[in-house]
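next comes the sequence, and after it the predicted model I'd like to discuss.
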Amino acid sequence: MPIDTRAWAAEHSAALVGLPSGAAEQEVAAAGLHARIAGPDEMLTLEFRPDRITLLTDPTDVVTEVRPG
């Protein structure tokens with residue numbers, strides 16, 4: 001059964017925010033999901049991928065927000 005990324009992001013957001021993007025990416029991968037990392041000025045496509053978690057970062061590469069898809 002596929003992981004519900006909306007629920008996963010909501011459940012793990014507090015633990016991932018504040019981590020360096022590499023550490024957060026490892027946590028996402030350990031859950032069997034794909035991570036997309038985006039810096040503060042990067043443009044993102046809006047297509048939803050049910051197996052992906054988007055990690056938004058600040059200029060120092062620290063996660064500031066976790067989004068599904």
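The structure has been received and is ready for your questions.

just checking, what packs against the longest helix along the chain?
Using DSSP state H, we find that the single longest helix of the chain is helix 5-16. Helix 5-16 is packed against helix 21-30, strand 52-57, strand 63-68, with contacts defined by 3 or more Cβ pairs under 8 Å, 6 or more residues apart in numbering; DSSP states H and E. All C-beta atoms are positioned from the backbone trio N, CA, C, and that covers glycine.

what comes into contact with the second one?
By Cβ atoms under 8 Å, 6 or more residues apart in numbering, the residues outside strand 52-57 that reach it are 5, 8-9, 16, 21, 24-25, 28, 33-40, 44, 63-69.

ok so, going back, tabulate the helices and strands packed on helix 5-16 in CSV, adding columns for mean pLDDT.
Shown next, in CSV, are those (pLDDT from 0 to 100):
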stretch, mean pLDDT
helix 21-30, 97
strand 52-57, 97
strand 63-68, 97
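
which of these is buried the deepest?
strand 52-57 (a mean of 20; mean count of other Cβ atoms under 10 Å).

restrict that one to CA atoms and write it as PDB.
Once non-C-alpha atoms are left out, strand 52-57 reads as follows in PDB (Å, rounded to 0.1, in the frame of the first residue of the first chain):
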ATOM      1  CA  ARG A  52       7.500  12.700  -3.300                       C
ATOM      2  CA  ILE A  53       8.100  15.000  -0.400                       C
ATOM      3  CA  THR A  54       9.200  18.600  -1.100                       C
ATOM      4  CA  LEU A  55      11.700  20.100   1.300                       C
ATOM      5  CA  LEU A  56      11.900  23.900   1.100                       C
ATOM      6  CA  THR A  57      15.100  25.400   2.500                       C
END
